[in-house]
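>>> What would the 3D arrangement of this be:
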Amino acid sequence: MSMKNATSLISLEEAQTDVWVCQIIAAEGVFGFLGNLLVCFVILRVRFLHTMTNYLLVNLAVADMLLCLCTFFHYLFASSRCTLINMVPSSSLGRELYCRLVASQSLIWVFFNASAYNLCVVTLERYIAIVHPLKYARKVTATRMKTLVTLLWMLSVLLALPFLFTIKASDDLDKACSDIEYLNQAFPILLSVVLVSFTYIMPVIMMSWAYYKMQVTLKRQAQALNLQRARAAAVDLVIARQRVISMLTIVLGALIILWTPDNVCVILCLYPTSDSTLNFCGSESFKYISGITSFLLYLNSVVNPIIYELKYKKFRKGLRAVFCTCLDEHGGSNSVDAEMARR
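As a prediction, this is how the structure comes out:
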């Protein structure tokens, strides 16, 4: 085999690997979208799941659902790694919007940020309810939660805005988009550091501390109730809270495990600059590792509905209430809701 043929074979294998990566991540987007859509449907449909915590989980599921949808379209049409379907707008405005919104991943980053921040809101609501229960009714109101959620969505958009200026429509008709050249390469480096700090490090530290405090408080409450031989209703309330916190702790643990590899790569290689601090960052091995870390990153939005099904007892009951074949079409759901709520 000639050197030319060998090189062509290697390039073909690399291209096939890239296609596999894009196909897997696009499939992740489909499963994640459907799973989070199911979470929204069940919680909004079943009456006994209409609580503040669950409404905030719906908001988290919406962020993950939109993230999965944008991920699917990005890897279907606009990924720099591969393009499963070659479809580029012909008009100049269409190409500009395509490059700025889809190819730049700016929309993906909006929903990544929103996912992390909405999990913070869920954590804050549970933290006040458990650690400061006497302040809950005064501090956690529907109006305040709506305002906080709105502000965090606005912050998510604000942090993603710089991605609009990392790529533009190409002047070359054979290319859809081209990178924007900066006079100072500190801009993309600063962008990476800010994003990792504000969307990963700070939320993880704050939520880890909050869940530690909640676990300690619930443990003390359980010990006090055992010593006082409290009524079964009080004990059941503490147990129910422990289960919810256990489920949310697993959600946070999944986020840490699945987001950490990609964020480590960002810091080590100062993505998205072309220069890297390590020779490894420009190697073919890193390219494969980057594909794996991207898969894990997007997987986080897929696993949350699975965690709810496995670890959230009331959600399982709600799921059965929605899809039970014995439901009567006209009013049967109300009787099932009441029965589930009493259990």
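>>> S178 - that's part of a strand, no?
Yes: under DSSP: H, G, I helix; E, B strand; the rest coil, S178 sits within a strand.
>>> got a list of what it touches?
S178 is in contact with I167, K168, A169, S170, D171, D172, counting by CB atoms under 8 Å, 6 or more residues apart in numbering. (C-beta placed from N, C-alpha, C; glycine too.)
>>> Tell me the bridge partners for it.
K168 (DSSP bridges).
>>> Which pLDDT value belongs to it?
If you check S178, the pLDDT there is 75.
>>> cool, and A137?
For A137, pLDDT reads 90.
>>> before we move on, what about L124?
94.
>>> Find the residue closest to it in space, skipping its chain neighbours.
Closest residue to L124 apart from its sequence neighbours, by CB to CB, 6 or more residues apart in numbering: A210 at 7.3 Å.
>>> Now that the one you found has come up, it's in contact with A129, right?
No: under the criterion of CB atoms under 8 Å, A210 is not in contact with A129, lying 11.5 Å apart.
>>> Distance from the chain centre to the host helix or strand of the residue nearest to L124, please.
Using DSSP states H and E, A210 falls within helix 202-228. In terms of CA atoms, centre = their mean, to the nearest Å, the centre of helix 202-228 is found 25 Å from the chain centre.
>>> Quick check: buried residues in that helix?
With burial defined by 16 or more other CB atoms under 10 Å, the residues of helix 202-228 counted as buried are P203, V204, M207, A210, Y211, M214, T217, L218, Q221, A222, L225.
>>> What of stretch 291-298?
So, applying 16+ other CB under 10 Å, buried residues of stretch 291-298: G291, T293, S294, F295, L297, Y298.
>>> same thing with stretch 144-154?
M145, L148, V149, L152, W153.
>>> what separates the residue nearest to L124 from T249, distance-wise?
As judged by CB to CB, to the nearest Å, A210 and T249 stand 10 Å apart.
>>> anything in contact with each of the two?
Counting by CB under 8 Å, 6+ apart, nothing touches both A210 and T249.
>>> re the thing from before, now, among the buried residues of stretch 291-298, which is nearest to P261?
Among the buried residues of stretch 291-298, T293 lies closest to P261 (CB to CB), at 4.2 Å.
>>> mean confidence for the host helix or strand of the closest one?
If you go by DSSP H and E, T293 is part of helix 284-311. For helix 284-311, mean pLDDT rounds to 88.
>>> Show me what that helix is packed against.
helix 3-45, helix 52-73, helix 232-269, helix 313-323 (3 or more CB pairs under 8 Å, 6 or more residues apart in numbering; DSSP states H and E).
>>> need these in TSV with mean neighbour count and distance to N118, can you?
Shown next, in TSV, are the helices and strands packed on helix 284-311 (neighbours: other CB atoms under 10 Å; distance: least, CB to CB, whole Å):
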stretch	mean neighbour count	distance to N118
helix 3-45	16	12
helix 52-73	22	4
helix 232-269	16	11
helix 313-323	19	17
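>>> Turn those into CSV, columns for distance to I189.
Listed next are the helices and strands packed on helix 284-311 as CSV, based on distance: least, CB to CB, whole Å:
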stretch, distance to I189
helix 3-45, 26
helix 52-73, 25
helix 232-269, 10
helix 313-323, 42
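>>> Nearest to V302, out of those helices?
Nearest of the helices and strands packed on helix 284-311 (CB to CB): helix 3-45, 4.0 Å.
>>> wait, isn't G32 in contact with A63?
No: contact criterion CB under 8 Å: G32 and A63 do not qualify, at 11.2 Å.
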